[in-house]
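Colleague: got a predicted structure plus its sequence, pasted below:
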Amino acid sequence: MTAELTRTAAIDVERVRKDFPILERTVGEGRPLVYLDSAASSQKPRQVIEAMSDYYAHHHSNVHRGVHALAEEATALYEGARDKVAAFINAPDRNEVIFTKNSSEALNLVASVLGWAGEPYGLGPGDRVVITQMEHHSNIVPWQLTTQRTGSELAWLGLTDDGRLDLSNLDEVVNEHTKVVSVVHVSNILGTVNPLEVIVRRAHDVGAVVVVDASQSAPHLPLDVQTLGADFVAFTGHKMLGPTGIGVLWGRAELLNELPPFLGGGEMVGVVNMEGSTYAPIPHKYEAGTMPIAEAVGLGAAVDYLTALGMDNVARHEHEIVSYALERLGAVDGLRIIGPTEPEQHGAAISFILSVEGLGEIHPHDVGQVLDEQGIAVRVGQHCARPVCVRYGIPATTRASFSVYTTRAEIDALVDGLEHVKRFFGA
Amino acid sequence: MTAELTRTAAIDVERVRKDFPILERTVGEGRPLVYLDSAASSQKPRQVIEAMSDYYAHHHSNVHRGVHALAEEATALYEGARDKVAAFINAPDRNEVIFTKNSSEALNLVASVLGWAGEPYGLGPGDRVVITQMEHHSNIVPWQLTTQRTGSELAWLGLTDDGRLDLSNLDEVVNEHTKVVSVVHVSNILGTVNPLEVIVRRAHDVGAVVVVDASQSAPHLPLDVQTLGADFVAFTGHKMLGPTGIGVLWGRAELLNELPPFLGGGEMVGVVNMEGSTYAPIPHKYEAGTMPIAEAVGLGAAVDYLTALGMDNVARHEHEIVSYALERLGAVDGLRIIGPTEPEQHGAAISFILSVEGLGEIHPHDVGQVLDEQGIAVRVGQHCARPVCVRYGIPATTRASFSVYTTRAEIDALVDGLEHVKRFFGA
Amino acid sequence: MKLESMYQEIILDHYRSPHHKGLRDGFGAEVHHINPTCGDEVTLRVHLDDESQGEQAIIKDVSYESQGCSISQASASVLTDLVIGKNVAEAFAVHEAFLELMQSKGEAQGDEDVLEDAVAFAGVSKFPARVKCALLSWMALKDATAQALARSTQKETEQ
Amino acid sequence: MKLESMYQEIILDHYRSPHHKGLRDGFGAEVHHINPTCGDEVTLRVHLDDESQGEQAIIKDVSYESQGCSISQASASVLTDLVIGKNVAEAFAVHEAFLELMQSKGEAQGDEDVLEDAVAFAGVSKFPARVKCALLSWMALKDATAQALARSTQKETEQ
Ligand SMILES: Cc1ncc(COP(=O)(O)O)c(C=O)c1O
Ligand SMILES: Cc1ncc(COP(=O)(O)O)c(C=O)c1O
C-alpha cells in the first residue's frame, strides 16, 4: 500500500456514514456511538431497511405458485435477489445460490447431506473430515455431529504462535481418507486471512470436497467462487450490511444435484405421495417451506450497496483502517495482540489482551464494560472460537472489528478508551 | 353464533385495514386490491413493519455475549419477543419457545431429533409414525425422510368424503408401535379444524409423542398449548401478521432437555473442544448461529397486535366471514366446495372448483388469472397438499382465505369475480 | 387488456375444442409429464414413421391425454397441429422458436410462418407463472421423441 | 455514574486482593463451573465440619481457584467472607438473598445485615450480561455443598 492510499480513503466514509441511521444515535450518557463490533453483526444502511419496509408495505405475498399480481411481484423480487447474490460472488449458475437462515444453517446443510449421502460423497467409518483450530463453533459442531453420527473421524489443522494456520503437516492431516475439508476464509477472532489455494489444491488432490466458511470475507473483500475453487461457500447476511434471518450457501450444481435433500417440506418437492416424494431441482430442493423472502430482498439491497461502493474499495478502505489500528493498538502499553500483527492477509477484526501494572491482565469483560461507558462497542469473550482461546492459553479476548463506516477517529477513540480502562482498574 | 354477532363485526375492520399499508394499493389497471390469500401469507400491519425498521435503525447488534449497550438492547428485544410468544400460547415456561425460520424448520427439527434420539423417544425399525392425509407437505416430507432414515414406518389417517379426518380406524392406525403422531390443527386446503383432543388422548394412551402443526390456527384462534395437550406445536410468523424468516417450535421442557441437538454452531453450545462439545440449556440448545433477531422483534409486534385485537375477537370475526363466504359461494352456480361446507369447526380458508356450462370445470389457474385481473388475489394449485387433491380426484383447487382485515365486501367481490370468470370462459 | 393478451380467442378455441386429443395406439414412445406447481399433467405419445431415419423421421401422430389449465390444454392442441407431418428436425426447430417466444417476457411477437396459431401465446410470456403451463406438452414432446429415437438406436445396436 | 454503580470501590478492592483464594486440602466436594458466554471458570471446594448434620453442618472452609472478570472474582471473594463459619442453612439463605438482589434489575438495595460487602453488587443487577458473572461462584457453592451432603447420605446408606 502506498503512502497515498493510507491518506486517501478508498471510499467516502463520511457520506457512507450518513446512510446508517444507527450511527446518529448516542449511548449511555449521550456519548456518540463508536461501533467496533461489525464482525459480530454489521449495521444496516437506510437502503436495506427501506427495501424491506417497502417490500412489506407494497409487494408482500408468498412466492412461487401464485398467479396473482402480488405473488408475481414477490417472486420476481425474491428471485431477483438470488440473481444479485449470484453476480456478487460470480457464481457460474444462479441455481447454485441457496438461501438459508444464516451461515450456521448453510454449514449444517452441507455437513448433514454429506453425512446422509451415498458414494462417493457420503461419510462413513474410515473417512475423515478436516477442519482447523481457528474455526467458528458453527464450522466445528456440525462436523462433530456428522462425524459422530456416521462413525467417521474429525481431524484438524493447528495454529502457529503468530495466529496463522500451521500448514507444515497439511499433507498428513489432509490424507487420502479425507472426504471433506472445511475451512474458514477469514478468522473472526484472529483476523487471519487463510491461504485457501494450497488447502484447496491439497484437498482436491485427495478427492475431498472443500467447504469454505466465508462469513467474515464476503462482507470485506471481492469474493469470486470460481477463483476460490471450493465446492461449497457459506456466508451470512447480517454481517454484510444485510438483515438477520438470511444466509447463503453456494455449491457446485453437480454436487447439489446429486446430494440428498436437507429439510423436507413445501417448495422442495416434485410430486408428493403419502408413500414417498420426489424433489424439486436446485435451488428449490434445498429451500423447504416459506423462505425468508423480505430478508432476501434486504440482502439483495445490501449487495447492491456494496457493489456500488465497489468491493475493491471496501477492501482497500478496511485494509487502511486495519493497518492504522494495528499500528495504534500496537503502541498501547500493556496491549498484546492475539493473531497476526502485520496488516498483510489481515481481515477487519483485531483481538487483544490488555494488562495494567500492579493488576496484570484486565479481563475482557471489564475492558468492554468500561469502553461501553464511553460509547465504544467492542465484543469481548471467546467469539464462538473457544479452541483458539485454549490454544493461546487465554480466557477470552477483547475484539475490535470494522466495516465500511469505520473511521480512523473511531480507532483513536478506542485507544483513548483503553487508556481510560487502564486508569480505571490500575492499582 | 347469534344473529347479533353475524351482523356486528367482532373487530373494527375498517380501522384494522388502515394499519395495513398494502391494502391501499391497486393492482393491474388501478383495481383496488382484494387480498384473499392470507393462508399462504398474511399481510403486515404498520406496527410490525415499523418495529423492525426501528430495530435496525436504533438497536441492532448481535445478541447475547455482548456487554455493550446495543448488545443489551438487542438481547432484551429478542428475549422480550420470546416472552411475548410464550404468553400468546400460554406456555408454562418461556424456555420452551424455540425460534426457527418457519414452521417447516420447526417440524423438521422435531422429526430429525426424534430420528436421532435414543430410547424411549428415538425411532427405529418396528416403530411407527402417524400423520394424516390432509397434512401440508411440510408435515409429510420430514416424516418420510426420518422414517426412511431410521427404518421406521409411516402410516396415516384418511379423510371422509366431506373433508374431515376419518377417525373410524384411529385405534388401529395409532397402535401400540406408534411413537409419534403429527397432525395439522387446521387444514390449509380444506379449512377443516381437527378434533385434536381425541387424537391426543389416543396417542398418549399408546405412549406416542404428539406434534401439532398449528400454522393455520395460531393466526386465527386462541392457542393454548396447555389446553391442547400436545408435546410439540409448530407455527410460522408470516401467516400471523409477522415477518418472513421466523417460526416457532414450542415443546415440553422435559422432552427438549432430553432430546439431542438439531443444528450445531455458535450459541447452542456449552463448552466446545475440538474433540467434542457440550450443549447449552434450552431454548439456546436449539438456536444455532445468529438467529432471526429483527424477525423475532417483528413477530413480537405481531403478537402484540393480535393480542390487542383479542384472539377471541379475531376468531369471531373470521367465523363470521367464513360463514358468509360459505353461504355466498355455496349459492354460486357450478361451484363445488372441497372440504366442510358448514361454518362449524371451519378455519379461515375455503377451497372450491368452478364449472361452467358447455366447458365443465374451469382449471383453477384460469380462475385465478381472471380474478387477478379484477384485483382479486386467491391462491390456485395444490396448496402443498397434493394427497388431498389425489384423495378427491381433482387436479387443484381455487382457495380463498381470510384474515383480520377481510371484509364481507371482499367476499361479494369474489362472488362477482367468479361470475365474470364463468362469462369469460363460457362457450 | 392484459388478460385478453393472454387469453387470445384462438387459445380459448383450442381449449374448448382441442385437436388430436385422446390416446391412440401405434406409438414409439409414451411419456408422462407433470407441473407440480399447479397439478397439470400430460400423457403424450409420439408415433414416428421410421425411427432409423433419426431426425429425418416423420412424425406420423402425436396423441395425448391431459389435465390442466386452458393454456396448457390449448398449447397441446396447437402443438399437434404444428408438428404432425413434420420431420423431427423441423419439429424441434418449431419447439425452439416456441421456447424463445415463451422466454421473451412479452417482447417478441413470434414468426407466424413458423409458429402459426402458436403466435397467439406471445401474451402468455408476460405471465411468468403461466409460461410453464404453455411449455408442458412441448417438453413432453421433446422427451418422447428423444426416447423413440433412442429406442430404435438401441434396437439396432442389439441386433 | 452507571459504571461506578457497578464497579463499587469495594468490588475493585476484592478484585485486586481476593480473600481466601487458592485451593486447600481437606474438602467434602469440589466442583468446576464455567460461564461459556465469557470463559469465566471457577474450581471451588467446600469443607463441612460434619456432613451428617445436614443443613446444620458448619462450613469450615471454602477455597477456590478462578479466572474471570472483576465481578466474578470479587463475588467469589465476598462469598467466602460471607459463608465461612455459617451453617449450610444460613449460607443458603444468604445465597437466596444475593440471588434476589441480582435479579432485581437495579431495583433492590440488598439487606446489609445479611449480605454485608455483597450489597455492593446491587449495581451489577442493572447489567444483565454481568449478572451471570456475579452468580458463578454462588452456583458453584450451592452445587458443591449439595454434593458434599449427598455424598455423606450415600455413605450412610451404604453402611
Ligand atoms: C398447515 C401448514 N403447515 C405448514 C406450513 C409451512 O409453513 P412455512 O412455509 O412457513 O414453513 C403451512 C404454510 O405454508 C401450512 O399451511
Ligand atoms: C467465521 C464465522 N463463521 C460462521 C459464523 C456464523 O454465522 P451466523 O451466526 O450468521 O450463522 C460467524 C459469525 O457468527 C463467523 O464469524
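Modeller: Looks like it arrived, so ask away. Ligands and ions are numbered 1, 2, ... in the order given.
Colleague: quick check: residues of chain C near chain A?
Modeller: The interface of chain C toward chain A, taken as CB under 8 Å from any CB of the partner chain, is made up of C:34, C:36-38, C:127-130. Any C-beta I mention is one placed from the backbone N, CA and C, and that applies to glycine too.
Colleague: wait, C:Gln103 touches C:Ser125, no?
Modeller: Yes - here C:Gln103 lies in contact with C:Ser125, judged by CB atoms under 8 Å, at a distance of 6.8 Å.
Colleague: between those two, which has more neighbouring residues?
Modeller: More crowded of C:Gln103 and C:Ser125, by other CB atoms under 10 Å in any protein chain shown: C:Ser125, with 22 against 12.
Colleague: that one against C:Val131, yeah?
Modeller: Yes - between C:Ser125 and C:Val131 there is a contact at 6.3 Å, judged by CB under 8 Å.
Colleague: spatially central residue for chain C, please.
Modeller: Centroid-nearest residue in chain C, with CA atoms, centre = their mean: C:Trp138, separated by 3.2 Å.
Colleague: looks to me like it is in a helix.
Modeller: Yes - the assignment for C:Trp138 is a helix, going by DSSP: H, G, I helix; E, B strand; the rest coil.
Colleague: contacts only, for it.
Modeller: C:75, C:79, C:95, C:98-99 (CB atoms under 8 Å, 6 or more residues apart in numbering or on different chains).
Colleague: which non-adjacent residue is nearest A:Ser401?
Modeller: The shortest distance from A:Ser401 to any non-neighbouring residue, by CB to CB, 6 or more residues apart in numbering or on different chains, is to A:Ala39 (3.4 Å).
Colleague: that neighbour: how many residues sit nearby?
Modeller: 30.
Colleague: what backbone torsions are found at it?
Modeller: The phi/psi pair for A:Ala39 (degrees, to the nearest 10) reads phi -70, psi -30.
Colleague: list the residues that contact the residue in the stretch 251-400 of chain A that ligand 2 sits nearest to.
Modeller: Closest contact between the stretch 251-400 of chain A and ligand 2, by CB to the nearest ligand atom, is at A:Cys384 (5.8 Å). Neighbouring residues of A:Cys384 by CB under 8 Å, 6+ apart: A:136-138, A:188, B:265-267.
Colleague: rerun that using 6 Å as the cut-off
Modeller: A:Cys384 sits next to A:136-137, B:266 when contact means CB atoms under 6 Å, 6 or more residues apart in numbering or on different chains.
Colleague: then A:Tyr324?
Modeller: A:Tyr324 neighbours (CB under 6 Å, 6+ apart): A:408, A:411.
Colleague: so what's the gap between the host helix or strand of it and the chain middle?
Modeller: Following DSSP states H and E, one finds A:Tyr324 within helix A:311-330. A distance of 18 Å separates the centroid of the chain from that of helix A:311-330, by CA atoms, centre = their mean, to the nearest Å.
Colleague: report the buried residues of that helix.
Modeller: By 16 or more other CB atoms under 10 Å in any protein chain shown, the buried positions in helix A:311-330 come out as A:311, A:313-326, A:328-329.
Colleague: again with stretch A:274-284
Modeller: Neighbour-count burial for stretch A:274-284 flags A:274, A:277, A:279-280, A:282-284 (criterion: 16+ other CB under 10 Å).
Colleague: in JSON lines: those, plus distance to chain D, secondary structure and pLDDT.
Modeller: JSON lines is the format used below for these (distance: CB to the nearest CB, whole Å; DSSP: H, G, I helix; E, B strand; the rest coil; pLDDT from 0 to 100):
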{"residue": "A:Met274", "distance to chain D": "44", "secondary structure": "coil", "pLDDT": "96"}
{"residue": "A:Ser277", "distance to chain D": "40", "secondary structure": "strand", "pLDDT": "95"}
{"residue": "A:Tyr279", "distance to chain D": "38", "secondary structure": "strand", "pLDDT": "95"}
{"residue": "A:Ala280", "distance to chain D": "39", "secondary structure": "coil", "pLDDT": "93"}
{"residue": "A:Ile282", "distance to chain D": "37", "secondary structure": "coil", "pLDDT": "97"}
{"residue": "A:Pro283", "distance to chain D": "35", "secondary structure": "coil", "pLDDT": "98"}
{"residue": "A:His284", "distance to chain D": "37", "secondary structure": "helix", "pLDDT": "97"}
